[in-house]
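> Just to be clear, the model below is a prediction. Sequence and coordinates:
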Amino acid sequence: MSFSIVFAVLALAVSNPQTLFLSALFAVSLAIVHLYAGKLRFLDALPRSRWLSLAGGVSVAYVFVHLLPDLNEHQEVIQELEGSAIGFLEHDVYLMALLGLAVFYGLERVVKASRQRQRQAGESDAPSAGVFWLHIGSFAIYNALIGYLLLHREEADTQSLFLFFVAMALHFLVNDFGLRQDHKDTYDKRGRWILAAAIIVGWVIGSGTKIPEAAIAVLFAFLAGGIILNVLKEELPEERESRFWAFALGAGAYTVLLIAL
């Protein structure tokens, strides 16, 4: 990502009194995670790097300790919107969390099936071009959502923003590793740039628009389900040889921090 894009984002943040300058710095920082995570060669190890397991634990802790409890409040907001465009959710915002989990589980299965077909056909151990674009496009929307939510969260204070940023930065580290494993060189050449840009696009959209509180609730619920699936799919497969103690340490430490603050 060129410095011109970085400066443009920061300039927009400074020029807009309604926008936290810190959120722009965090948006750029999240983009940098995708651009440079691949240079952290010590993460590409078997058994799975303890740092990736720790990062996954932090991400899951944020979902269960911070995001999911907030869904109760979000559900109350949605229940007040009977007959509205998103009133179809009626009494259960957790349906959106389930949808987020199901969507990314489905994507994971599509990618694995495509890799298997490619291997059987004597091609490289990577999905087809069409599956690559489907996968990266879906994660681009996911990243844009996170970029947007840097500005529009239930709690708009600096502390909440920082906790969200730390959890998402570590989550992106886990996602980046998994996507690179799936798509190999194609991810380095194209995928990481698309995902980095998507975060900035989401932030820019957030700086110029504000959707209703109920829609924010739906987005957060979907995000919660997606995070749970995207972390656990990296930790659970036996061939990953994941470090449970590192995952538990990350989850436990961040849980204590979230409860204490």
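Great, that's in hand. Because the structure is a prediction, the values reported are computed rather than measured. Numbering: from 1, shown residues only.
> What segments of the stretch 51-200 of the chain are helices?
68-79, 94-120, 129-149, 158-186, 192-208 (DSSP state H, counting those that start in this stretch).
> export these to TSV and tack on mean neighbour count?
C-beta coordinates here come from the backbone N, C-alpha and C atoms, glycine included. Putting these into TSV (neighbours: other Cβ atoms under 10 Å) gives the following:
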stretch	mean neighbour count
helix 68-79	16
helix 94-120	16
helix 129-149	19
helix 158-186	20
helix 192-208	21
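> how far does stretch 102-121 sit from the chain's center?
20 Å (Cα atoms, centre = their mean, to the nearest Å).
> Look up the closest residue to residue 104, ignoring the ones flanking it.
residue 229 (4.5 Å; Cβ to Cβ, 6 or more residues apart in numbering).
> pretty sure that neighbour contacts residue 99?
No - taking contacts as Cβ atoms under 8 Å, residue 229 lies outside contact range of residue 99: 10.9 Å.
> mind putting the helices of the stretch 51-200 of the chain in JSON lines, distance to residue 56 included?
JSON lines is the format used below for the helices of the stretch 51-200 of the chain (distance: least, Cβ to Cβ, whole Å):
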{"stretch": "helix 68-79", "distance to residue 56": "17"}
{"stretch": "helix 94-120", "distance to residue 56": "14"}
{"stretch": "helix 129-149", "distance to residue 56": "16"}
{"stretch": "helix 158-186", "distance to residue 56": "5"}
{"stretch": "helix 192-208", "distance to residue 56": "18"}
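> shaky segments in this protein?
Applying pLDDT under 70 to the chain picks out residues 1-20, 42-48, 73-92, 154-156, 236-242.
> separation between the residue nearest to residue 104 and residue 93?
17 Å (Cβ to Cβ, to the nearest Å).
> can you check residue 150 too?
Taken as Cβ to Cβ, the span from residue 150 to residue 93 is 21 Å.
> and the angle for the helix or strand hosting the residue nearest to residue 104 with helix 94-120?
If you go by DSSP states H and E, residue 229 is part of helix 213-235. For helix 213-235 against helix 94-120, the angle by axes from the mean of the first three to the mean of the last three Cα atoms, to 10 degrees is 40 degrees.
> Please save the CA atoms from the helix or strand just after helix 213-235 in CSV.
The element immediately downstream of helix 213-235 (helix or strand, assigned by DSSP H and E) is helix 244-260. Listed in CSV are the C-alpha atoms of helix 244-260, where the atom choice follows Å, rounded to 0.1, in the frame of the first residue of the first chain:
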residue,chain,number,x,y,z
PHE,A,244,-3.5,-25.5,23.2
TRP,A,245,-1.6,-23.9,26.1
ALA,A,246,-0.8,-20.9,24.0
PHE,A,247,-4.4,-20.6,22.8
ALA,A,248,-5.7,-20.9,26.4
LEU,A,249,-3.1,-18.4,27.6
GLY,A,250,-4.2,-15.8,25.0
ALA,A,251,-7.9,-16.4,25.7
GLY,A,252,-7.4,-16.3,29.5
ALA,A,253,-5.1,-13.2,29.5
TYR,A,254,-7.4,-11.1,27.2
THR,A,255,-10.4,-12.2,29.2
VAL,A,256,-8.9,-10.9,32.4
LEU,A,257,-8.0,-7.7,30.7
LEU,A,258,-11.5,-7.2,29.2
ILE,A,259,-13.2,-7.9,32.6
ALA,A,260,-10.8,-5.6,34.5
